[in-house]
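# A predicted structure for the sequence below; I have some questions about it.
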Amino acid sequence: MNKLIVISGPSGVGKGTIVNELLKKGDYALSISCTTRPPRKGETEGVSYFFINRDKFLSMIEEGGFLEYDNHFENFYGTPKDFVEKQLQTKNVILEIEVNGALNAKKSYPQAILIMILPPSFDELKSRLVGRGTENSEKIANRMSRIDYELSLRDKYDYIVVNDNLDRAVGEIEEIIKNS
Ligand code: ADP
Ligand code: 5GP
């Protein structure tokens, strides 16, 4: 039986980087979310996200097309149910989603393994977020302001992994998945 792995944690903590490392191992498929957020430079339709408009998103909600969805950072984000179910037939599937979505995914799919990634420190998180250079200062402040809320839900997660050293953190996650 293939596993559904849900990875979340504050913006800039390194979720995307960790997930890319896991995907290189070949045993995993990544769920591609739908979002109403506009694409960033370098993002590709159907690879980074399915970029859809608000009307389309709302009609997918009506049709029960999402395993989970949430509205944050002024946009909707959701996991398309059909896409995940199809991928689960052949591989373990990773969802890289924020905390509300993660907890909702666990409700719809109780076997899901919930992993929260935390930074070694708040300062390091800020420096990663600024260093990534993809958001302006207002958007960075918006993302940082959500951290307390995200941390308040840490006890609801199955596992917490600190992304201090990338290889170590990826290794720890692989062990968790293997043993779950
Ligand atoms: P997220 O997907 O959680 O928003 P990213 O994967 O985009 O975060 O990572 C944010 C930044 O932090 C990127 O520039 C990335 O290269 C860097 N980063 C990720 N993991 C580490 C790590 N263990 N040590 C140092 N920098 C890291
Ligand atoms: P970004 O705009 O940086 O790509 O993503 C912002 C936040 O949305 C991140 O925390 C990311 O994990 C989360 N996210 C991405 N896809 C989904 C999804 O399908 N559902 C939910 N709930 N959150 C998502």
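Now that the structure is in, tell me what you want to look at. Ligands and ions are numbered 1, 2, ... in the order given.

# Report the distance from the worst-scoring helix or strand of the chain on mean pLDDT to the chain centre.
Ranking every helix and strand in the chain by mean pLDDT, DSSP states H and E puts helix 137-144 at the bottom, with a mean of 86. Between the mean C-alpha point of helix 137-144 and the mean C-alpha point of its chain there is a distance of 18 Å (Cα atoms, centre = their mean, to the nearest Å).

# what does stretch 52-65 give?
20 Å.

# cool, stretch 88-97 as well?
Here stretch 88-97 shows a centroid-to-chain-centroid distance of 12 Å under the convention Cα atoms, centre = their mean.

# if we can go back for a sec, give me the buried positions along the least confident helix or strand of the chain.
Residues 140, 143-144 are the ones in helix 137-144 that count as buried (16 or more other Cβ atoms under 10 Å). C-beta here means a position set from N, CA and C on the backbone, and glycine is covered the same way.

# okay if I get these as JSON lines plus distance to ligand 1?
Output for those, formatted as JSON lines (distance: Cβ to the nearest ligand atom, whole Å):
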{"residue": "140", "distance to ligand 1": "11"}
{"residue": "143", "distance to ligand 1": "8"}
{"residue": "144", "distance to ligand 1": "12"}
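
# what's the closest of those residues to residue 66?
Checking the buried residues of helix 137-144 against residue 66 with Cβ to Cβ, the nearest one is residue 143 at 22.6 Å.

# Point to the residue nearest the middle of the protein.
Geometric centre of the chain, nearest residue: residue 96, 1.9 Å, by Cα atoms, centre = their mean.

# residues in contact with that residue?
For residue 96, the contact set (Cβ atoms under 8 Å, 6 or more residues apart in numbering) comprises 7-8, 15-16, 19, 30-31.

# Try it again at 7 Å.
7, 15-16, 19 (Cβ atoms under 7 Å, 6 or more residues apart in numbering).

# Name the residues that touch the very next helix or strand once past the least confident helix or strand of the chain?
The element immediately downstream of helix 137-144 (helix or strand, assigned by DSSP states H and E) is helix 147-152. Helix 147-152 is contacted by residues 9-10, 99 when judged by Cβ under 7 Å, 6+ apart.

# Now do the buried residues in helix 147-152.
Applying 16+ other Cβ under 10 Å to helix 147-152 flags 147, 150 as buried.

# per-residue confidence averaged over that helix?
What helix 147-152 shows for mean pLDDT is 92.
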